[in-house]
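In: I'll drop the sequence and a predicted model, then ask my questions.
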Amino acid sequence: MSTGISIALIAVGAILTFALEREVSGINIDAVGIILMIAGAMGLLFSALFWSNWSVYGARRRTYISEREDPLPPR
């Protein structure tokens, strides 16, 4: 889940929870809004956690190749 989608889920969840005063039979709109906000927050957390600049999980490994003429002797 990308950062933009996570922020959109948080915004839609906040609108459903705090801005709407309607009642729908069989569905609790406040609960749906809270669930969307939690899902958006989790997505935002995971996208930040696995972002390559912030974490070791997304870090790229570098390979060093030596330009030595004589190879190392076997052990």
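Out: Cool, the structure landed. Bear in mind the structure is a predicted one, so any value in this text is a computation, not a measurement.
In: show me where the chain has helices.
Out: Ranges of helices in the chain, per DSSP state H, are 3-14, 29-49.
In: Mind putting those into CSV with distance to R22, mean neighbour count and mean pLDDT?
Out: C-beta: built from backbone N, CA, C; applies to glycine. Converted to CSV, the helices of the chain look like this (distance: least, C-beta to C-beta, whole Å; neighbours: other C-beta atoms under 10 Å; pLDDT from 0 to 100):
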stretch, distance to R22, mean neighbour count, mean pLDDT
helix 3-14, 15, 16, 94
helix 29-49, 7, 15, 92
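In: can you put these in TSV and add distance to E23?
Out: Below are those laid out as TSV (distance: least, C-beta to C-beta, whole Å):
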stretch	distance to E23
helix 3-14	18
helix 29-49	8
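In: So which of the ones you listed is nearest L20?
Out: helix 29-49 (5.8 Å; C-beta to C-beta).
In: Does anything pack onto the closest one? Which helices or strands?
Out: helix 3-14 (3 or more C-beta pairs under 8 Å, 6 or more residues apart in numbering; DSSP states H and E).
In: the inter-axis angle of the helix it packs on versus helix 29-49?
Out: Relative orientation of helix 3-14 versus helix 29-49 (axes from the mean of the first three to the mean of the last three C-alpha atoms, to 10 degrees): 160 degrees.
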